[in-house]
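[1] The sequence isn't on hand, but the structure is:
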């Protein structure tokens, strides 16, 4: 009797365990097959490639879905919040429009909108040599060297070349504010540089009273090296003063004086003896 009860209890336990495992399996399967719902919102992006200085309107913008839980600082959710503001940088298609990429509403459009507060844009005339064979294009950085006449410094004269500005950003080449995508050179007569008011005065003086030269640098190289000035007299002076070799004249030694002779008489003997002269 006890054996029958034990067998019945064991069978009941196995059946119960089977149903419980089937229930748990079914619940887990339902949970895993149900996709996680992601809350979305609309953000404003560029409808196509836009250049620096472009004034935005509704035709240049559109909205795309964006996860609500992944906000981007400065993003816009309504197109009307971006209208009539100018870009201060180039923007690619579908790139989010951020507040940091827009000039204030009162800043207007064009190149002036891309000039940060407290900075100035100054244009200088260039040629193929000064413009580094046309590779000084918008977005690149350059150093500005000037060569002029040295007057009244410790009596020295001649020309001097020195670097007056370093790591200066090029805003425009001619009337173009966008760099060629293929990196092709652009031959232009004028380059516009972004400088501080103080550097603008230096650049204006250098371009009118001397001869300027632009030195192209890597855009990620921002180190200020402050190289020393180069003087014309130092550059073209010989590296060492030649020593004039004078002919060596051999001095003959004076001839020794001839010895003197003394006749010595000893008794009946006579003989001559020589003595060296003193």
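    Thanks, I have it. This structure is a prediction, so every number in the text was calculated from the model and none was measured. Residues are numbered from 1 along each chain as shown.
[2] list the contacts for residue 219?
    Applying C-beta atoms under 8 Å, 6 or more residues apart in numbering to residue 219 gives the contacts 139, 140, 141. For glycine as for every other residue, the C-beta is placed from the backbone atoms N, C-alpha and C.
[3] On the pLDDT front, check it for me.
    Per-residue pLDDT puts residue 219 at 83.
[4] How about residue 10?
    70.
[5] Relative to residue 161, how far out is it?
    Using C-beta to C-beta, to the nearest Å, we find residue 10 at a distance of 102 Å from residue 161.
[6] out of the two, which sits in the busier spot?
    residue 161 (18 against 10; other C-beta atoms under 10 Å).
[7] ok, what's across the strand from the more buried one?
    With DSSP bridges as the criterion, residue 161 is bridged to residue 147, residue 230.
[8] Please tell me the pLDDT value assigned to it.
    Residue 161 carries a pLDDT score of 91 in this model.
[9] just residue 178 next, same as before
    pLDDT, read off for residue 178, is 66.
[10] What of the one 3 residues further on?
    In this model, residue 181 is scored at 65, pLDDT.
[11] what's the answer for the one 3 residues further on, then?
    In the predicted model, residue 184 carries a pLDDT score of 75.
[12] Does it belong to a helix, a strand or coil?
    coil (DSSP: H, G, I helix; E, B strand; the rest coil).
[13] Can you give me the neighbour number for it?
    For residue 184, using other C-beta under 10 Å, the count is 10.
[14] what does residue 82 give?
    Residues near residue 82, counting by other C-beta under 10 Å: 21.
[15] ok, back up a step: mind checking which of the contacts of residue 219 are in strands?
    residue 141 (DSSP state E).
[16] Including pLDDT, distance to residue 64 and neighbour count, could the contacts of residue 219 go into a markdown table?
    Shown next, in a markdown table, are the contacts of residue 219 (pLDDT from 0 to 100; distance: C-beta to C-beta, whole Å; neighbours: other C-beta atoms under 10 Å):
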| residue | pLDDT | distance to residue 64 | neighbour count |
| --- | --- | --- | --- |
| 139 | 84 | 27 | 16 |
| 140 | 88 | 32 | 19 |
| 141 | 92 | 34 | 20 |
